[in-house]
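Asks: Fold the following.
(one chain, ligands or ions: 1)
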Amino acid sequence: MITKEKRPADSIPAPSAWISKSYQTLAAPPGPEERFPFEQLFTLRTKKILPYLRHVARAYGDFARIQLAQVWIYVASHPDDVREILQSKHRSFVKGVGADLVRDALGYGLFSAEGELHRRQQKLMQPAFRTEAIERYAAMMLECFDYSDAEWQDGQTIDVVEEMHRLTMNVATRTLFNMPPDDRQKKLGHALTVLLRGIAQRISNPFGILKATLPILPDREWKECLRILDEQIGKIIDDHEAGVLPDDDLLGQLMSATDDAGLKLSRKQLRDETLTLFVAGHETTAIALSWAWYEAARDPAIQAKLQEEVARVCGGRTPAYSDLPQLRYCRRVFQESLRYYPPIYLFLRQALSTMQLRDYTIPKGSVFAISPYLVHHDPRFYPNPEKFDPDRWSEDFESQLHKFAYFPFSGGPRVCIGERFAWCEGILALAWFTQRWDFELAPYQDIRPGDGGTMRPAGAIEMILRRRDASSTPMSAPAPSATSPGSPGKCPFTKA
Ligand code: HEM
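Replies: Below you'll find the predicted structure:
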C-alpha cells in the first residue's frame, strides 16, 4: 500500500526521455518542493553538493527525493537501502548517468562498463588483484616511498596533498606499467591531472547529471590531454608487447589474461582498463592519506600512537607487507580517514525498471544518489560522528556495525576492485613515513574539503617536516614471512 504524501499532478514537471510517465500518478518520498523552475539546480550550484545532500537527509529523512530540472534524484541514506541498491537488488540497477559522465575519457573500462561486459572484464582483472599480486606490488610501493623520502628535507614545508598525489601517482605508474619516476611519467602525470580536474568538474556540476538531455562539449584542453594519454599508454603497451618492460606489473597481467572463450583483452580494452585503474587508483588513496596526515598532525596523541606502534612492530627495520596485520593502529587511522572523509563521497545508480523500494514505487530510469559521507556521519551508527577517532574501530564496534554503514569502497558486485591494494598502500605509507618523519601543521591555514567530485581538500595542507632520530630508522633488516588476508567487507589485513 502506498502511504506517503500524494503529489498534485500539476507540481510534477515533464519527465525526461528516460523517465517513465507512469510516475505522475505515484506517491513519492518527501523532499523539497520547487518554488520556481530549476530552483534546486541553482541551489545545488550555489550551496554545493555535499552540504545540500546533508540538508536534504536531515530535513526529509533517510529516503528523500529532489528534483534537478527534469530529473528526480532519490537520496538513500540508510544502510538498509544502500544494501538493497548495491547488493540485494543490484541487477535492477546500472551506473547509467554516473558512468556516462566519464565515458568519453574512460571508455568501457571496469568503472564505466555495464552488464555482461562488466562481468567479463571483472573476471579477467580479478587475478591481478589477488593476495600474491598485492604482495608483489607492496615491494614496488616501498621503492616509491623511498623516492619521496629522498626528496624531502628536514625543516622543509610541503603541501601534503600535492606530495601524496605525487606519491600515489608514482605507485600507480610503477605497479601498473613498471615505469620508474621519470620524464615520461611526468608527462603522463600532467595529462592525468588535467583529466581528473575535468572529471571532477563534471561530477560536481549538477548539469552533468543532465548530460543525457544537455550535451556538454569537451573543451580543447580536455581533448589534448586525452590525446597525450592515448599516445603515452599506447607506447607503454607497445613496450610491453616488445618485451622492453618486464611484465610482472598490472598491465602485463591484464595483457596475458584470457576469458572463458580463450579471448584476450583487445588493445582498446587494455587502454580503457589501464586509464581507469590509473584514474580510480591514485587520487582516492592520495586523498585518504592527506586527511590521515592532517588529523595525525592536529592531534599529537594520534601521531605518538602511530610512532609507538611502528617502533614496536618493526623495531628499526623498514615496514613490510608481512607487518600489515600487526599494524593495527595505522589501519585504524586509515579506516577512520576513509570514514570521516570518504574520497568518493557520492555515487549514482539508475533504475533499470519500475520497482518497489520501501513503500514507494520507483519509476524506471530514476537516479539514486548514495553517499558514504551521509551514512558515515550518522550518529545512529557512529557515536560522536564529528570526532576523528581511530580508537572507535575496536573489534567489538566493528562486529556490531551494520555492514553497509561503512562503505568507502562501495559494496556488492561493483565493489572497488582495488580495495585490497588501497588498504595495503595506505597502511604501509602511514607506517613507513611515520617511522622517518614528524609532521607539523603549518599555522594559519583554512583547511576544508573542496567542492569537486571527490573529497580532495580545497587547497594545500602545509606541513613542516622534521626528520626523526636516525637511530630509530635503520633500514632493510629482513621482514617476517607473509600472512593471509582477512574477510570481505573489512580491511583484509585485520589481525584475527
Ligand atoms: C582509498 C582508496 C580508494 C577508494 C576510497 C575507492 C573507492 C571506490 C568506490 C566507492 C568505487 C565504486 C564507485 C561506484 O560504485 O560508482 C570504486 C570502484 C573502482 N575502483 Fe576504487 N577506490 C580506491 C582505490 C582504488 C585503487 C587503488 C584501484 C586500482 C588500483 C581502484 C580501482 C577501482 C575500479 C577499477 C573500480 C570500478 C570497479 C567496478 O565497477 O567493478 N580503486 N572505488
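
Asks: Tally up the residues packed near the residue of the chain found nearest the ligand, please.
Replies: The minimum distance from the chain to the ligand, using C-beta to the nearest ligand atom, falls at residue 418 (2.1 Å). For glycine as for every other residue, the C-beta is placed from the backbone atoms N, C-alpha and C. Taking other C-beta atoms under 10 Å as the criterion, the count of residues near residue 418 is 24.

Asks: and it, what does it touch?
Replies: Neighbour list for residue 418: 129, 277, 280, 281 [criterion: C-beta atoms under 8 Å, 6 or more residues apart in numbering].

Asks: what's the most distant pair in those?
Replies: 129 and 280 (12.1 Å; C-beta to C-beta).

Asks: what does this protein have sitting close to the ligand?
Replies: Of all the residues in the chain, those in contact range of the ligand (C-beta under 6 Å from any ligand atom) are 95, 98, 110-111, 122, 276-277, 280-281, 284-285, 288, 338, 343-344, 347, 408-410, 414, 416-418, 421-422.

Asks: Quick one: buried ones out of these?
Replies: Among the residues of the chain next to the ligand, those scoring as buried are 95, 98, 110-111, 276-277, 280-281, 284-285, 288, 338, 343-344, 347, 408-410, 414, 416-418, 421-422 (criterion: 16 or more other C-beta atoms under 10 Å).

Asks: what about residue 135, helix or strand, and which?
Replies: Counting by DSSP states H and E, the element that carries residue 135 is helix 131-151.

Asks: Show me the contact partners of that helix.
Replies: For helix 131-151, the surrounding residues in contact (C-beta under 8 Å, 6+ apart) are 127, 163, 166-167, 170-171, 174-175, 181, 248-250, 253, 318, 320-321, 420-421, 424-425, 428-429, 432-433, 436, 482, 484-485, 492.

Asks: residue ranges with poor pLDDT in this protein?
Replies: 1-26, 37-38, 41-42, 44-47, 181-183, 203-218, 470-490, 494-496 (pLDDT under 70).

Asks: where do the strands sit along the stretch 351-496 of the chain?
Replies: Along the stretch 351-496 of the chain, counting by DSSP state E, counting those that start in this stretch, strands occupy 355-357, 360-362, 367-370, 437-441, 462-467.

Asks: Name the strands paired with the fourth one and say parallel or antiparallel.
Replies: Strand 437-441 has the following sheet partners, assigned by DSSP bridges: strand 462-467 (antiparallel).

Asks: Also the third one?
Replies: The strands beside strand 367-370 in its sheet (DSSP bridges) come out as strand 71-76 (parallel), strand 347-351 (antiparallel).

Asks: Please write out the alpha-carbon positions of that strand in CSV.
Replies: The C-alpha trace of strand 367-370 is given here as CSV (Å, rounded to 0.1, in the frame of the first residue of the first chain):
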residue,chain,number,x,y,z
VAL,A,367,18.6,8.2,-10.4
PHE,A,368,19.7,7.2,-6.9
ALA,A,369,22.4,9.2,-5.0
ILE,A,370,24.2,7.1,-2.5
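
Asks: residues in contact with it?
Replies: 53, 71-77, 82, 85-86, 93, 96-97, 209, 346-351.

Asks: Determine the number of other residues adjacent to the nearest residue to residue 257 once chain neighbours are set aside.
Replies: Nearest residue to residue 257, sequence neighbours excluded (C-beta to C-beta, 6 or more residues apart in numbering): residue 124, at 4.5 Å. When counting by other C-beta under 10 Å, one arrives at 21 neighbours for residue 124.

Asks: Which secondary structure element is home to residue 124?
Replies: Counting by DSSP H and E, residue 124 is part of helix 115-125.

Asks: Who are the packing partners of that helix?
Replies: Applying 3 or more C-beta pairs under 8 Å, 6 or more residues apart in numbering; DSSP states H and E, one finds that helix 115-125 contacts helix 267-298.

Asks: among the contacts of helix 131-151, which ones are buried?
Replies: Of these, these count as buried by 16+ other C-beta under 10 Å: 163, 166-167, 170-171, 174-175, 181, 249-250, 253, 318, 320-321, 420-421, 424-425, 428-429, 432-433, 436, 482, 485, 492.

Asks: Those residues in helices, which ones?
Replies: 163, 166-167, 170-171, 174-175, 250, 253, 420-421, 424-425, 428-429, 432-433, 436 (DSSP state H).

Asks: distance between the helix or strand harbouring residue 188 and the chain's centre?
Replies: Assessed by DSSP H and E, residue 188 sits inside helix 183-204. Offset of helix 183-204 from its chain centre (C-alpha atoms, centre = their mean, to the nearest Å): 16 Å.

Asks: Check which residues of that helix are buried.
Replies: Those would be 185, 188-189, 191-192, 194-196, 198-200, 202-204, for helix 183-204 by 16+ other C-beta under 10 Å.

Asks: report the angle between the axes of it and strand 347-351?
Replies: Relative orientation of helix 183-204 and strand 347-351, computed by axes from the mean of the first three to the mean of the last three C-alpha atoms, to 10 degrees: 60 degrees.

Asks: which residues touch helix 183-204?
Replies: Residues contacting helix 183-204 (C-beta under 8 Å, 6+ apart): 48-49, 101-102, 105, 165-166, 169-170, 173, 179, 208, 211, 216, 218-219, 221-222, 225-226, 228-229, 232, 278-279, 282-283, 346, 451-454, 456.

Asks: And stretch 164-173, by the same measure?
Replies: 137, 140-141, 144-145, 147-148, 179, 181, 185, 188-189, 192-193, 277-278, 281-283, 285-287, 289-290, 293, 425, 429.

Asks: Alpha carbons only: can I get that stretch in PDB?
Replies: C-alpha atoms of stretch 164-173 as PDB (Å, rounded to 0.1, in the frame of the first residue of the first chain):
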ATOM      1  CA  MET A 164      50.500  12.400  -1.500                       C
ATOM      2  CA  HIS A 165      49.300  12.800  -5.100                       C
ATOM      3  CA  ARG A 166      52.800  12.600  -6.400                       C
ATOM      4  CA  LEU A 167      53.400   9.500  -4.200                       C
ATOM      5  CA  THR A 168      50.300   7.600  -5.300                       C
ATOM      6  CA  MET A 169      51.000   8.600  -8.900                       C
ATOM      7  CA  ASN A 170      54.500   7.100  -8.700                       C
ATOM      8  CA  VAL A 171      53.000   3.900  -7.100                       C
ATOM      9  CA  ALA A 172      50.400   3.700  -9.900                       C
ATOM     10  CA  THR A 173      52.900   4.100 -12.700                       C
END
